[in-house]
Every structure is written in C-alpha cells, then in structure tokens.
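In: Sequence first, then the predicted structure, then my questions.
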Amino acid sequence: MFRGSRLAFTLASLLVVVMACGLAGAAQSAVPDNIRLTWSESPKTTQTIGWRTDTTVTLGKAEYFAIGDRPSTVAAPPPETLATNVGAINLFSVTLRDLQPGTRYMYRVGDGTHWSAYYSFRTEKADPERFEFQVFGDSHEKKPLYTVLGKTVTQAYRQNPDARFAVSVGDLIYSGKDYEQWQAWFAGSQEVIANIPDMPVIGDHEPRGVTGKEEWRRPEYFVKLFRVPQNGPADFKGEVYSFDYGAAHIAVLNSSFTYEFADPAARKAMIDAEVAWLDADLTATTKPWKFLVYHEATYNLTPDRAGVLTKVNFGPVIDKHHVDVVFNGHDHGMARSYFIKNEDFVARAAEGTVYFISGRSGDNAKASLVPKVWFPYYYDPQAQTCYLVVEVDQDVLTITTRLQDGTVVDRFRIDKGKPERSTPMVPFGAYQEVRFAAFGSLLQFGKPPQQNATGEWFVDINALAAYLSGRFDPGTNIFSYAKDEIKLPLTDDMFLDTSKRMVSLAGLTSVGFHCGYHKAMNLVMVERWKD
C-alpha cells in the first residue's frame, strides 16, 4: 500500500517506472501489460482501464485511491480470451465509478498476486474548465517496432503535461490482426496511455489482416482492445462513438468503408448508418464546441487521393450542424483548410468548418505529398514527427502543431467572442480567368475549362490524364490511369466537339468522378475515388 512518504512520488518518477515496464517485452505473462485508459462513461466520475495477461490468469481487479486516501479495490468482469496470431491472451477491462470530479487517482491492476506498476489518472472537473488534449496522426511504422511512436507520444506528454486525453486518428498499426504489432504499439505508448485516456479512431489498417491478401475484415482486435462509449450505431458499436469533455462534444466516425466490406451494398449500409447516427448525435448535443474525428482525409494532400465518400456523405451533416473542426489522418502530413461549407471556401469560422490533417506520429513519412488549393497552411513532416495540441478555453479554441522536439510550426485560433482575434484565413477569392483543379491540385498546363451555349462546363481530358499519369485514347474513347488498372469508357456525346479534347463534367460524373464549378473561386474541381 502507498502511504506516507511513498505517496510523494512525482509524476516524472512514475513515468520512468511506467516506461521501463511498458517496454519489457512482447510475451504475455501473468503480470498485466498493455495497460490503457479510455472512457466508456462520464469523464467526471468514471475511468475505464484495460489490460492483458496470459490465459492462466482468470481473475482481475483494480486498486485505486486519491492521494492521501485508503485504497479501494473493484473486481473486473471475467476476461475475454482472444485467440491471436501469436497465441491466446486474456483481455481484462474494468470501469471505476463514483469517482470525485477534478481529482487525481493512483491505480494498479492485477489478480492480487501479480500486479502492474502504479499509474495515475485525473477526472474531469465538475464545472467547465480550460483544458487541452493531444491529437496524433498515423502511427503505423515501416519497421513495426513503434520506437518512433514511443518517442513522439512521450515527448508530447512531457511537453504538454496538462493534456487531459489523447486522440489517435487511425492507422495505429499496419496490420490490425497482428497482435505482435499491437504489443509493440502498446509498449511504445505505455508511458502516456496508462496515465491519460487515449480515444482511438479506426483507420484503413485496423481492418487489415496479417498478410496483404486478408482484405475486407472487421476490426475485431481494435473493438476488443479499446473500451469506448457504446453509443454508436447498432452494427458499429465500438467503432463509432461520441463523448463530452468540458465545453466540447467529440464525435468519432469510421471512414474505412472500403476496407471493412467488399460488397458495395454493405458499404452503403455502413455509410447510411453513420450519417443517420451523426445527424442525431450532433442534434442532441448542447456543447458550444463540436469536433468530429475520422481517418480518411476529406480534403487531402496526396496527389491522386480523393475524399469523395466522406465529402458527399459526411459533408452535408457537418455543414448542417456547423462542426467547428474536423480532424483527419491518412496522409501522414499536417495541413489545415480554409473554412469550408458546401465545398466552398467561406470567410469566417462562424460560417464554415476547418479541416485538419493531423500529421504522423510513426516513422512512415510520405514522399508524395503536395499542396492543395483548399489548404492555406501545409507542413510535410519529413525530418521528424508532429502532433496537435488542442486547447479549449471557453469561447477560444487554439490548435498548435508541434514537432517531436517541441518546435511550434503552426498556431491556429478561433475566438467566438472576439472574432477579430481569430487567425486570419481569407479565401483567395475568384481567379480572373476560370481555372482547373484535379484532385485539389491547380493544373498549370492544358486548356482552361470552357462552357457551351447552355452553360455546361468542360475540362481538358488530356490534362486530367497527364495529371494522373494516364491516357485518353480518342479512337476507343477509353480513359485509363493507375497503371491501366482503371479503364473508363467515355462516349462521343460527352465532348464539346469532334476534337475530343474537352470533356463535360456531366460525362466525368457518369463514370464516377466528383465534379463541380465553384463560382466564389471561379474554379472547376474534379476528383474521383479509386474504387
């Protein structure tokens, strides 16, 4: 029992113990490891704790106490045995209830004989307060040791000790059914996630199997490892959820439709369920700040990626309820958009939503990122990882992007009480002559868009093909790209004239492109989801 002078452990000393225990090896044993905090209920009065043991351990408990009080013990429900690719393990989870708001607690977990080290957590205050949390982008690594992730989250926590929780924006590991990678992820993150809750998001790698051939899987390990609020759609509990903290409402979606289901009808059912749930969830909240988190970047940095599915389906709900900020991942870079509503750029935070891409927290830097028209600020973290610090202080929101070493590369502010103090983000306005953007990249070649007598817009098919490293064959009317994996049949009536140079937006839309003319910018945009 921790009594008297032993309670004088500083947090820094505690973290050294945690780090040593967290990195102690991959093999399961009777001693608990993979210890992580989440919330499944109110952050003010509860705390959910999860851990792993080998299958010899069938009883679990948590011992906890506020500093200066006597310990209390609560028994965990029977463990769930998970058969993994590296052997069977037992997963324990317990939710501590009737806690005092605004209080730091010490805790450990075990079976009464085999105990973990002591960790700590802090409950939310009863009254609204200034608070901050951290947002980590993709952490999956080329060499899945997760040492880069470990350094990133450890440095972030030490640099921002007031962080109340973290949000991991998907692609935590490379193969969602490889528990060896999960173990490495937990070991790397242990110093942080055993002391502040990590509210995770499903990316496109969580549903993947151990090998590349194991496609279209549900994220079984993820759902069993992280006990989050079970308030999502019936078929996607544990994948989709929301929670409140202070003045903020945070909703989490699963944008990996094409990785969970091979059947288009099943994908559509998943999207429809999430859209209906999100609409109801945002309708119900009274919080002044609304944040939405999902993995796939609606407004992206990768040359041929497109966020069409999320843009078309989530976008109208985001606009309807005026979500303040959307946090995305997937592109392993950091960027923030103009304020956007109905896919147009607007002048003020009160009118639209700002979309953030959260950077990378693992070693996997992308070499192909490019600036896009929707981002006034973009940072490519090639040299070192980065993360976001989100601070909510009544009417003021501040989002700071820091590198692993603490360097600030961007600071963004919305002040609802005094908008003039917000970060200026004036849309660039209308181009003097109409321009063409493919997948968000402004093209500097090809013929500019043209209109016919009825006002229909046409764009240069050869310029679009060149951007995609593809080609258009006017003899067969086949437009191909992605190394000829995608071949789209066009027809003569889609073109402005017999030269077959300028193709209509309606024609491109009919073969799966997402097209539009944006009057406020005098800009034609064309994107397509590669499916």
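Out: Structure received. Numbering: from 1, shown residues only.
In: Pull up the gap between the nearest residue to residue 371 once chain neighbours are set aside and residue 336, please.
Out: Closest residue in space to residue 371, ignoring its immediate chain neighbours: residue 378 at 5.2 Å, by Cβ to Cβ, 6 or more residues apart in numbering. Just so you know, the C-beta spots here come from the backbone N, C-alpha and C atoms, and that holds for glycine as well. Distance of residue 378 to residue 336, computed by Cβ to Cβ, to the nearest Å: 8 Å.
In: one step back: quick check: mean pLDDT of the helix or strand encompassing the residue nearest to residue 371?
Out: Element membership of residue 378, judged by DSSP states H and E, is strand 377-379. The average pLDDT within strand 377-379 is 95.
In: And stretch 67-85, by the same measure?
Out: Over the span of stretch 67-85, the pLDDT mean works out to 96.
In: start to end distance for stretch 345-364?
Out: For stretch 345-364, the first-to-last residue distance is 31 Å (Cα to Cα, to the nearest Å).
In: Give the buried residues for it.
Out: By neighbour count with 16 or more other Cβ atoms under 10 Å, stretch 345-364 contains the buried residues 345-346, 349, 352-364.
In: what residues does the helix or strand that contains residue 49 touch?
Out: Assigned by DSSP H and E, residue 49 belongs to strand 47-53. Contact with strand 47-53 is made by 28-41, 60, 62, 79, 89-96, 99, 105, 107, 109, 111, 114, 116, 121, 123, 186, 197, 225-227, as judged by Cβ atoms under 8 Å, 6 or more residues apart in numbering.
In: now do 7 Å
Out: Under the contact criterion Cβ atoms under 7 Å, 6 or more residues apart in numbering, strand 47-53 has outside partners 28, 30, 32-40, 62, 89-96, 99, 107, 109, 116, 121, 123, 225, 227.
In: Pull up the pairing partners for the strand holding residue 378, direction included.
Out: Strands that pair with strand 377-379, judged by DSSP bridges, come out as strand 334-336 (antiparallel).
In: Test my guess that residue 334 contacts residue 357.
Out: Yes - using Cβ atoms under 7 Å, residue 334 is in contact with residue 357, at 6.0 Å.
In: Helices along this protein, start to end?
Out: Shown for the chain, the helices assigned by DSSP state H span residues 11-22, 147-159, 179-193, 220-225, 257-260, 264-284, 308-313, 315-320, 461-467, 505-510.
In: Show me how the chain divides into domains.
Out: Following automatic domain parsing, the chain resolves into domains at 4-121, 132-421, 435-528.
In: Deepest-packed of the ones you listed, please.
Out: Between the domains of the chain, domain 132-421 has the highest mean count of neighbours, a mean of 20, where neighbours are mean count of other Cβ atoms under 10 Å.
In: per-stretch mean pLDDT over the helices of the chain, give me the minimum one.
Out: Among these, helix 11-22 carries the lowest mean pLDDT, a mean of 40.
In: Spatially central residue for the protein, please.
Out: Centroid-nearest residue in the chain, with Cα atoms, centre = their mean: residue 169, separated by 2.3 Å.
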